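please find the sequence and the predicted model below.
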Amino acid sequence: MGVVPHSFLQRWARKLRVLPANRICFGDVQAHAKTAPYTFHRPSAALLESLEPGDLVKVWFEYEPRWWNVYSGERMWVIIKARDGDGLTGELDNIPFDATGLKPGDKVQFRIENVLSAERQDPEGDATEPYWAFCTTSQAVLDGAPVDFLARSEPLERQAGDKGPDSGWSILAAGETGEQVYEAGLARSVPLGRVLNNDDRWLHLIDEPPGQAFEWSDEASEFVRLAPFEPGKEAEASGDD
């Protein structure tokens, strides 16, 4: 959860109740997942349907108004005590970081869409896992520019300190070349999901083998396969007129 700027006086004002108490709300996990479907983990429908009293679940708490809170919200564990359809009642099993007035053992009422995860294993796994491997892309693509050029080399061997495996994919926007992007300091190493969240028109190509390259064609309204990609040979994403 994002940290909200605050002051020493604000913290003590809350503790001394000079400021009114927080209003506890809950985040809609399923709705938020639609804004970042390839990176934001959400529990499967099968897991949510199976939850029952006694299960330990992580719930997305939000605090309002946000301007005087240290955090805009927290992810905290709750023990389910009762379930009525999609409505859940439980007991808080966390110590909040913020001065919310909540404490362990407090009764909490929330809904199934507020559940981020559960202690039990999800039978369908994590839907974002196929997109954890890293790719090389440009800041322009991460800022929302459409993907225009894709090329896949042999993935690099994972080294100590790497955040994840390498996919071998290099991804550029129209008018960019890898050389220009590197020289400008705008090359970025990110999980594939970060790129797919902005533009997933190339999702069907993600399992193409190394040695393949593709460029977007406005005329065909699809990515077209280029001549076999030669690692080390510069390719330009020129786009179509």
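Perfect, thanks for sending it. Numbering: from 1, shown residues only.

how is the protein partitioned into domains?
Following automatic domain parsing, the chain resolves into domains at 8-118, 129-225.

name the stretch from the ones you listed where average model confidence is lowest.
Lowest mean pLDDT of the domains of the chain: domain 8-118, a mean of 85.

re the thing from before, so can I have CSV of the domains of the chain showing mean neighbour count?
Placement of C-beta: from N, CA and C, glycine included. Below are these laid out as CSV (neighbours: other Cβ atoms under 10 Å):
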stretch, mean neighbour count
domain 8-118, 16
domain 129-225, 17
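
paired strands for the longest strand seen in the chain, with orientation please.
Using DSSP state E, we find that the single longest strand of the chain is strand 73-84. Looking at strand 73-84 with DSSP bridges, its partner strands are strand 56-64 (antiparallel), strand 87-92 (antiparallel).

would you reformat those as CSV and include distance to residue 211?
Shown next, in CSV, are the strands paired with strand 73-84 (distance: least, Cβ to Cβ, whole Å):
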stretch, distance to residue 211
strand 56-64, 42
strand 87-92, 51
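
nearest to residue 187, of these?
Smallest distance to residue 187 across these (Cβ to Cβ): 33.7 Å, for strand 56-64.

from the chain's centre, how far out does the closest one sit?
Put simply, strand 56-64 sits 17 Å off its chain's centre (Cα atoms, centre = their mean, to the nearest Å).

what's in contact with it?
Contacting residues not belonging to strand 56-64 are listed as 22-29, 51, 69, 71-80, 88, 90, 93, 96, 98, 100, 102, 108, 110, 114-119 [Cβ atoms under 8 Å, 6 or more residues apart in numbering].

cool, and stretch 123-131?
With contact meaning Cβ under 8 Å, 6+ apart, stretch 123-131 is reached by 37-42, 44, 46-47, 50, 191-193, 196, 206.

okay, and which of those map to strands?
Those of the contacts of stretch 123-131 mapping onto strands are residue 191, per DSSP E.

and the contacts of stretch 123-131, which is closest to residue 163?
Nearest to residue 163 among the contacts of stretch 123-131: residue 191, at 8.2 Å, using Cβ to Cβ.

first to last residue in stretch 56-75, what's the distance?
End-to-end distance for stretch 56-75, by Cα to Cα, to the nearest Å: 13 Å.

residues contacting the residue lying closest to residue 102 once chain neighbours are set aside?
Spatial nearest neighbour of residue 102, chain neighbours left out: residue 96 (5.0 Å); criterion: Cβ to Cβ, 6 or more residues apart in numbering. Residue 96 makes contacts with 61, 74, 76, 102-103, as judged by Cβ under 8 Å, 6+ apart.

which of the residues you listed lies closest to residue 179?
When the contacts of residue 96 are ranked by distance to residue 179 (Cβ to Cβ), residue 74 comes first, at 44.6 Å.

what kind of secondary structure is residue 141 in?
On the three-state scheme (DSSP: H, G, I helix; E, B strand; the rest coil), residue 141 is labelled helix.

quick check: residue 194 touching residue 39?
Yes: the pair residue 194 and residue 39 passes the contact test of Cβ atoms under 8 Å, sitting 6.2 Å apart.

what bridges to residue 171?
The partner list for residue 171 in beta bridges (DSSP bridges) reads residue 150.
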